[in-house]
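> no sequence for this one, just the structure:
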């Protein structure tokens, strides 16, 4: 699919199989979500621009490379995105964090916002919106809408699993936002859960169901 990168690295696919297993404990689920977040972060930041910098090693001066521009912003969609983003901040500890509180109404599947807090200069930074599941894409679209309202122009979306319906809707509303995922699953069921999926990522990460 255009604008969608499926990360097929063997470690990602191995850990994805482990995290799908319904017998996985809450502790193990969170740990795996964290680990996969780190691996996906490596892929989603692969093409960040670099700039030359003059440094001096213990042996000699040299020209090294640093990421150009201001620090990244990770924007997890609460609450499942929190465990996912922890692995990413392990890789990029200097990143700024925006928090987007959205939940999907169980009857209408419409995204309802209850919290938003982000750096004021989003227009000068690369913003990576994070949510483990891209199902209907209602929360993803709403989150990116809000990020854009606050000036963001360079936006990427990363998820653990995506449904074809969610990809189509997100790309339809925000064709300028590329998507990274570990898997494109088969479909959505009548309750808007991804099939085969892994259930509710938030409930499994925090032991609330």
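Cool, got the structure. This structure is a prediction, so every number in the text was calculated from the model and none was measured.

> off-centre distance for stretch 192-204?
Its chain's C-alpha centre and that of stretch 192-204 lie 16 Å apart, by Cα atoms, centre = their mean, to the nearest Å.

> so which bits of it are buried?
Residues of stretch 192-204 classed as buried by neighbour count (16 or more other Cβ atoms under 10 Å): 193-194, 197-199, 201-202, 204. Just so you know, the C-beta spots here come from the backbone N, C-alpha and C atoms, and that holds for glycine as well.

> so what's the residue nearest the centre of the chain bridging to?
Against the mean C-alpha coordinate of the chain, by Cα atoms, centre = their mean, the closest residue is residue 130 at 2.5 Å. Counting by DSSP bridges, residue 130 is bridged to residue 76, residue 158.

> what residues does it make contact with?
Residue 130 makes contact with 37, 74-77, 81, 84-85, 88, 157-159, according to Cβ atoms under 8 Å, 6 or more residues apart in numbering.

> closest one of those to residue 65?
residue 88 (20.6 Å; Cβ to Cβ).

> packing partners of the top helix by length along the chain?
Longest helix in the chain, counting residues (DSSP state H): helix 26-44. Secondary-structure packing of helix 26-44 (3 or more Cβ pairs under 8 Å, 6 or more residues apart in numbering; DSSP states H and E): helix 10-20, helix 80-91, strand 126-130, strand 154-162, strand 179-184, helix 201-206.

> and residue 33, which of these is closest to it?
helix 80-91 (4.6 Å).

> if we look at that closest one, which residues are touching it?
Residues outside helix 80-91 that contact it (Cβ under 8 Å, 6+ apart) are 30, 33-42, 45, 74, 76, 95, 97, 100, 128, 130-133, 160, 200-202, 205-206.

> how about it, which residues are buried there?
80-89.

> closest to residue 175 among the residues you listed?
residue 81 (22.5 Å).

> quick one: that closest one from residue 202, how far?
9 Å (Cβ to Cβ, to the nearest Å).

> for stretch 113-132, give the mean pLDDT please.
Mean per-residue pLDDT for stretch 113-132: 92.

> between the two ends of that stretch, how far is it?
Chord length of stretch 113-132, first to last residue, is 18 Å (Cα to Cα, to the nearest Å).

> could you do stretch 57-76 as well?
37 Å.

> whichever strand or helix holds residue 64 pairs with which strands, parallel or anti?
Following DSSP states H and E, one finds residue 64 within strand 61-67. According to DSSP bridges, strand 61-67 forms sheet pairs with strand 50-56 (antiparallel).

> distance from the chain centre to the strand it pairs with, please.
For strand 50-56, the distance to the chain centre is 29 Å (Cα atoms, centre = their mean).
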